[in-house]
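S.K.: attaching a predicted model along with its sequence, questions to come.
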Amino acid sequence: MLDDGAGGRPAAGLGPEPPFHTPVFVLTHYVRPSFALSDTTFHFLDADLVDTMHIAVAPLELERGERLWTTYEPMLDRFELDVVPSPRGGVTHLIFWRR
């Protein structure tokens, strides 16, 4: 996963030029300092600071990378959830808000 750059694995193999070109906010349970790679700055937020989240899930196989999660059920003790399928199919919107 993402590192602060000091441990030799900055941004999990994204290389010296991450493709985002915008600030990236990472939810974590561990305090980490922000760091920059090229024109992308990674900021780490305590997951308990989040009040709402909208995640669009598209089922596709990339042959590498890590899943966001296997199941979102452990989050349901802290968040309410609406699952909204796209009318055209293919994408599911997960909308979480703090209990």
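M.R.: On my side now, so go ahead. Numbering: from 1, shown residues only.
S.K.: my guess is Ala56 meets Gly90, correct?
M.R.: No: with contact defined as C-beta atoms under 8 Å, Ala56 does not count as touching Gly90 (10.2 Å). (Glycine included, C-beta is placed from N, CA and C.)
S.K.: mind listing the shared neighbours of those two?
M.R.: Shared contacts of Ala56 and Gly90, defined by C-beta atoms under 8 Å, 6 or more residues apart in numbering, are absent.
S.K.: residue boundaries of the strands in the protein?
M.R.: In the chain, the segments counted as strands under DSSP state E are 24-28, 35-37, 40-46, 52-57, 79-85, 92-98.
S.K.: in TSV, list these along with mean neighbour count, distance to Thr70 and mean pLDDT.
M.R.: Converted to TSV, those look like this (neighbours: other C-beta atoms under 10 Å; distance: least, C-beta to C-beta, whole Å; pLDDT from 0 to 100):
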stretch	mean neighbour count	distance to Thr70	mean pLDDT
strand 24-28	14	16	81
strand 35-37	16	28	85
strand 40-46	16	22	84
strand 52-57	12	13	89
strand 79-85	12	16	94
strand 92-98	15	14	93
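S.K.: could I get the ones you listed as JSON lines with distance to Thr71?
M.R.: Converted to JSON lines, the strands of the chain look like this (distance: least, C-beta to C-beta, whole Å):
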{"stretch": "strand 24-28", "distance to Thr71": "16"}
{"stretch": "strand 35-37", "distance to Thr71": "30"}
{"stretch": "strand 40-46", "distance to Thr71": "22"}
{"stretch": "strand 52-57", "distance to Thr71": "12"}
{"stretch": "strand 79-85", "distance to Thr71": "12"}
{"stretch": "strand 92-98", "distance to Thr71": "12"}
